[in-house]
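Trainee: Quick one: sequence and predicted model below, then my questions.
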Amino acid sequence: MKKSLNLFTFILVVFVVTVSLTLSATGFAGPFDEDSTIMIPKATEQEEPAAAEPQESSEAVVADDEIVVEPADESATELTPVLPTEEEEAATDEPVASAPEEQDKNSKILPGYEDEKISIDGDNYCGQFAMTSVFKGLGIDKEAQDIYKATNPRGIFTSPPIIVDYLNKNGVKAQQRHNCSIEDIVKKIDDGKPVIVLVDSGDGTPHWVNIYGYTRDESGKITSVRMRDSYWGTRSGHEMDIDEFSKAWQKPLGNTFLGKMLGYKNLMIDINGNSSGTPFATATEDNMAAGVNEVVAGWSNRDWGQVAGGASKLILGLPGTVISMSSRIPSVFGSSMASWGRDRMNQGGVGNTILGGAAVAGGSVLQAGGWLVNQVGNASSSVAKAIGNGIKSLFGR
């Protein structure tokens, strides 16, 4: 009876956590929270410079006893043109060397992104800002406020599928990818395309940025990336040290419990990548986050097809969410257990080796079991997503 009671309590806790993730209130640092990490006020108009005081008359004052010599009539004076010599003509025929396109040969910065004028009108919606930066850089006329109203009118977290779907529907082929590397970003920039990535803004709040440049040192190592976003790079490009960026990119929700539970890691929106569906590895969180986005946006815009599709994802995806999130608990515990075991083994000694080895083995088993159960949850969430998208399509969405 005691075991049954514990199991029931565990399932109840998981269910409460899941519902909390789905309907969490503003201010909670998770994937369904407010996207407004920083509220940036409207730019104040600069005061017009004061009109210059009229200058004194430039007419010269002539004394009574002063003799003034009138200038000669310019029209009567003929100017003799001075012709260039043969040596001077030959010199002018030589091509003038133009300035190099990039002063720093170790940097690669895509043109058109550095000084984009993006009006956020006092609102900080990072997903919409990043999409606007991509659109403008690719020569597509889109404004942040229009994108915001269409995809995130209530300022909650913008899920990856929402960004991918909006880009694809507006002329920019995009694909969601996970576990990417710095070299993946560099490759896209070298190919002339920016990327949108999800990072930690500093307090465990996920934040979208558009990466359009990078810098290498003399040895060829990447030292920084260049970005436009609604936090650091609002008015112009922002350069971030590669170590700082890598840490923020690897854990977009920080070291919080939720950050360890969710599967987002080194997430990249691949511009002009192969347009494909949501990655299976994060099907659960993507389905629930997209469902919340669609219900909120659809309700605000009176788009009942979008509301119906999003609600279907949330309702039908609830079983998969419970299964998937339940599997993350032993996975997180197993990872911590295995890490502790490796530390003990590195300390040396027979006791540490035996104890550490047992911890590594036990942690690996928990991780493997959690992974298998997670696949069942992701499969269920994928079905819910397909049904929700099908319902939206019935309304022409």
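Mentor: On my side now, so go ahead. Numbering: from 1, shown residues only.
Trainee: Mind telling me what element residue 175 is part of?
Mentor: Using DSSP states H and E, residue 175 maps to strand 174-177.
Trainee: For the helix or strand following that strand, which helices and strands make contact with it?
Mentor: Scanning forward in sequence from strand 174-177 by DSSP H and E, the next helix or strand is helix 182-190. When contacts are defined as 3 or more CB pairs under 8 Å, 6 or more residues apart in numbering; DSSP states H and E, helix 182-190 packs onto strand 107-109, strand 195-200, strand 206-216, strand 222-228, strand 268-271. C-beta: built from backbone N, CA, C; applies to glycine.
Trainee: Can you tell me which of these is nearest to residue 362?
Mentor: Closest to residue 362 of the helices and strands packed on helix 182-190, according to CB to CB: strand 195-200, at 30.1 Å.
Trainee: Can you give the distance from that closest one to the centre of its chain?
Mentor: 3 Å (CA atoms, centre = their mean, to the nearest Å).
Trainee: Kindly report the same for stretch 292-310.
Mentor: Relative to the centre of its chain, stretch 292-310 is centred 23 Å away, using CA atoms, centre = their mean.
Trainee: Can you give me the end-to-end span of that stretch?
Mentor: This stretch, stretch 292-310, spans 6 Å end to end (CA to CA, to the nearest Å).
Trainee: Please list the residues outside that stretch that contact it.
Mentor: For stretch 292-310, contacts defined as CB atoms under 8 Å, 6 or more residues apart in numbering pick out 22-23, 32, 149-154, 156-159, 162, 290-291, 311, 313-314, 388-389, 391-392, 394-397.
Trainee: Please flag which of those residues sit within strands.
Mentor: Assigned to strands by DSSP state E, none of the contacts of stretch 292-310 qualify.
Trainee: Could you pick out the buried ones from those residues?
Mentor: 22, 32, 150-152, 156-159, 162, 290-291, 311, 313-314, 388-389, 391-392, 397 (16 or more other CB atoms under 10 Å).
Trainee: Let's see the pLDDT reported for residue 159.
Mentor: Looking at residue 159, its pLDDT is 93.
Trainee: Mind pulling up the pLDDT for the residue nearest to it when sequence neighbours are not counted?
Mentor: In space, and not counting its chain neighbours, residue 159 is closest to residue 289: 3.4 Å by CB to CB, 6 or more residues apart in numbering. Predicted confidence (pLDDT) for residue 289: 92.
Trainee: right, and residue 289 touches residue 157 too?
Mentor: Yes - look at residue 289 against residue 157 with CB atoms under 8 Å: they come within range, at 6.7 Å.
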